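>>> Dropping a prediction and its sequence here:
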Amino acid sequence: MTEPAGNVSLAEATRVWAKIALLGFGGPAGQIALMHRILVEERKWIGEARFLHALNYCMLLPGPEAQQLATYIGWLMHRTKGGLIAGTLFVLPGMVAIMILSWIYAAAGNAGAVAALFFGLKAAVLAIVAEAVRRIGGRALKNRVLGIIAAAAFAAIFFFAVPFPLIVLGAAAIGYAGGRAGGTAFSGGPAHGAGEEGETLLGDGIPAHARPSLRWSLKVSAIFLLLWLAPVAVLMATVGPDHVFGRIGLFFSQMAVVTFGGAYAVLAYVAQQAVETYGWLAPGEMLDGLGMAETTPGPLIMVTQFVGFMGAFRQAGGLNPFVAGTLGGLLTTWVTFTPCFLWIFLGAPFAEKLRANRALSAALSAITAAVVGVVLNLAIWFALHSLFRHVRQVNAGPLRFDLPVAASVDPAACVFAAAALIAIFRFRLGAPLVLAGCAAAGMAWWAIV
């Protein structure tokens, strides 16, 4: 056993986590790449194999994998305090920015200029999600077997509406069985601990605080369950489950448990519930919210704060709508991210202990492949709802999917999306530049027409 990273002070680590948080644009793919460059390549705090193991574990969890990865590494380096600092800083800039943008949207969302701004952003978001499919796929689909798992996951969720948790469990079972059988298709590469791991700050040893402990598990579970669920219980007892605050607290608490695969996998589920079940948003407004999240640092799942804001804003009851919206947004953020710390502090010690378990690594590799298929589903969902004004649902036996109405195609949206795709795939422009360019093009188009 080794002690926490004593060569890096908590103050220095805090400055690095703040830098990562402020530069964390481009969704989970960009954020994970940023952390890899800073933590693995530049500062050598953690090795390649250990970084990928932590990432695969975080992708297995419900919630935003990039934020949980930051929490995991912060915890490895400086115990619970380090994990809290890393995870909180990762969320803070986006939380503030989304709140400000939600106020502006609620006050002027129907104004021509604001609508034009988000019209342009939707095209950029579509291209960025498509790029995420390519990036994640390039990293995860190393052979034909993993490609088949990704294709099967896409077909299951797009054509048959299979819940994502079932897809995750199925992929995990296939990968685990393959790993136990000694198959090489799910191998994540060389065994952990080889070569360069010993040359990093954390090395290959397990810090003393990272050893699984029943006392620690019970303590951390009690604390974070109380922090997470006590506000929801108070709301249920005071305003009831039919009040907008009760619905927000209950819905996003459930989402924190049952939604896997990070933001890209979560958003289709959130959009469906927020639009069709609760009536908090119109379909296009979910894309507007994602545009906000893409233009600000932090996890893409921060779009849920916009959903909670607009839901409470429109069902404010006796409160001022902006006060209700602010409270709804903060409540959403609290119940969305508090469980993320629980999953890391409770499960990461066991993940560390099992780093050398090949069967578990194989299960994580299969889950990562399945996530690629789910992200592809999200990209197509965005394309259908941004390039066409109307879609119709097809129900034929077990098949259930959306089909665009060809006559409702939006030519301007198609042109904007094509330009954004060319900018990202052909000219390799970064997400901030593409987002800014599409926003400006949207404003210009509004001024012309």
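Looks like it came in fine. Every value quoted in this text rests on a predicted model; they were computed, and no experiment measured them.
>>> For the rest of this, base every contact and every neighbour count on C-alpha atoms.
Noted.
>>> How about the contacts made by Ile167?
153, 156, 370 (C-alpha atoms under 8 Å, 6 or more residues apart in numbering).
>>> Relative to the whole chain's centre, how far out is the helix or strand where the last one lies?
Secondary-structure element containing Ala370, defined by DSSP states H and E: helix 358-387. Between the mean C-alpha location of helix 358-387 and the chain-wide mean there is a distance of 12 Å, by C-alpha atoms, centre = their mean, to the nearest Å.
>>> which other helices and strands contact that helix?
helix 48-60, helix 112-140, helix 144-159, helix 164-180, helix 262-272, helix 283-295, helix 411-425 (3 or more C-alpha pairs under 8 Å, 6 or more residues apart in numbering; DSSP states H and E).
>>> Following element in sequence after that helix, please.
For helix 358-387, the succeeding helix or strand toward the C-terminus, using DSSP H and E, is strand 391-396.
>>> For that next one, give the mean pLDDT please.
Averaged over strand 391-396, pLDDT sits at 90.
>>> who's in contact with the closest residue to Ala406 other than its chain neighbours?
Nearest non-adjacent residue to Ala406, counting by C-alpha to C-alpha, 6 or more residues apart in numbering: Phe388, 7.5 Å away. By C-alpha under 8 Å, 6+ apart, Phe388 lies in contact with 404-406, 408-410.
>>> and the helices and strands packed on helix 358-387, which one's lowest on average pLDDT?
Among the helices and strands packed on helix 358-387, helix 262-272 scores lowest, at a mean of 70.
>>> CSV for the helices and strands packed on helix 358-387, including distance to His209?
Formatted as CSV, the helices and strands packed on helix 358-387 follow (distance: least, C-alpha to C-alpha, whole Å):
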stretch, distance to His209
helix 48-60, 16
helix 112-140, 31
helix 144-159, 35
helix 164-180, 28
helix 262-272, 27
helix 283-295, 35
helix 411-425, 43
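>>> Of all these, which one is nearest Ala210?
Ala210 lies closest, by C-alpha to C-alpha, to one member of the helices and strands packed on helix 358-387: helix 48-60, at 13.1 Å.
>>> how about the closest one as CSV, C-alpha atoms only?
The C-alpha coordinates for helix 48-60 follow below in CSV (Å, rounded to 0.1, in the frame of the first residue of the first chain):
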residue,chain,number,x,y,z
GLU,A,48,-2.6,5.1,-19.2
ALA,A,49,-3.9,1.7,-18.0
ARG,A,50,-5.1,3.0,-14.7
PHE,A,51,-6.8,6.0,-16.3
LEU,A,52,-8.6,3.7,-18.8
HIS,A,53,-9.6,1.3,-15.9
ALA,A,54,-11.1,4.3,-14.0
LEU,A,55,-12.9,5.5,-17.1
ASN,A,56,-14.4,2.1,-17.8
TYR,A,57,-15.6,1.9,-14.2
CYS,A,58,-17.2,5.4,-14.5
MET,A,59,-18.9,4.5,-17.7
LEU,A,60,-20.5,1.5,-15.9
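>>> between the next helix-or-strand element following that helix and helix 112-140, how big is the angle?
Counting by DSSP H and E, the next helix or strand C-terminal to helix 48-60 is helix 65-108. Put simply, helix 65-108 runs at 170 degrees to helix 112-140, going by axes from the mean of the first three to the mean of the last three C-alpha atoms, to 10 degrees.
>>> Now do helix 65-108 against helix 48-60, angle only.
Using the same axes, to 10 degrees: helix 65-108 against helix 48-60 is 50 degrees.
>>> tell me the angle of helix 65-108 relative to helix 283-295?
Using the same axes, to 10 degrees: helix 65-108 against helix 283-295 is 120 degrees.
>>> Summarise which helices and strands helix 65-108 is packed against.
By 3+ C-alpha pairs under 8 Å, 6+ apart, helix 65-108 packs against helix 10-22, helix 27-35, helix 48-60, helix 283-295, helix 303-314, helix 321-353.
>>> relative orientation of the first one and helix 65-108 in degrees?
Inter-element angle recorded for helix 10-22 and helix 65-108: 50 degrees (by the same axes, to 10 degrees).
>>> Please identify the buried residues of helix 10-22?
Buried positions in helix 10-22, judged by neighbour count with 16 or more other C-alpha atoms under 10 Å: 10, 13-14, 16-18, 20-22.
>>> and which of the residues you listed is nearest Tyr72?
Taking C-alpha to C-alpha as the measure, Tyr72 sits nearest to Trp17 out of these, at 12.3 Å.
>>> Is it correct that the closest one is in contact with Gly83?
No. The pair Trp17 / Gly83 is not scored as a contact, 10.2 Å apart, by C-alpha atoms under 8 Å.
>>> what's the closest of the contacts of Ile167 to Leu330?
Nearest member of those to Leu330, counting by C-alpha to C-alpha, is Ala370, at 31.7 Å.
>>> ok, how many other residues are close to that closest one?
30 (other C-alpha atoms under 10 Å).
>>> Please apply the same query to the one 10 residues further on.
Applying other C-alpha under 10 Å, we find 17 residues neighbouring Ile380.
>>> The one 4 residues further on too?
Counted with other C-alpha under 10 Å, residues neighbouring Leu384 total 18.
>>> any idea how far it lies from Gly284?
11 Å (C-alpha to C-alpha, to the nearest Å).
>>> Equivalent analysis for Trp381, please.
The gap separating Trp381 from Gly284 is 12 Å, by C-alpha to C-alpha.
>>> Kindly report the same for Ala171.
Counting by C-alpha to C-alpha, the gap from Ala171 to Gly284 is 32 Å.
>>> And Ala324, by the same measure?
Distance from Ala324 to Gly284, by C-alpha to C-alpha: 22 Å.
>>> Val394 now?
20 Å.
>>> which of the two has more neighbours?
Gly284 (17 against 12).
>>> list the buried ones in stretch 210-221?
So, applying 16+ other C-alpha under 10 Å, buried residues of stretch 210-221: 210, 212, 220-221.
>>> could I get these as CSV with distance to Leu76?
Shown next, in CSV, are these (distance: C-alpha to C-alpha, whole Å):
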residue, distance to Leu76
Ala210, 7
Pro212, 13
Val220, 16
Ser221, 18
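>>> And Phe401, which helix or strand is it part of?
strand 399-404.
>>> residues in contact with that strand?
Taking C-alpha under 8 Å, 6+ apart as the rule, strand 399-404 contacts 158-161, 384, 388, 390-395.
>>> For Gly240, give me its contacts.
Gly246.
>>> Next: Phe160.
398-401.
>>> at 7 Å instead, please
Phe160 is in contact with 398-400, counting by C-alpha atoms under 7 Å, 6 or more residues apart in numbering.
>>> go on, Phe159?
399-401.
>>> quick revisit: quick one: buried ones out of the contacts of Phe160?
Arg400.
>>> Redo the contacts of Phe160 as CSV? Include distance to Leu330.
Converted to CSV, these look like this (distance: C-alpha to C-alpha, whole Å):
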residue, distance to Leu330
Pro398, 39
Leu399, 38
Arg400, 35
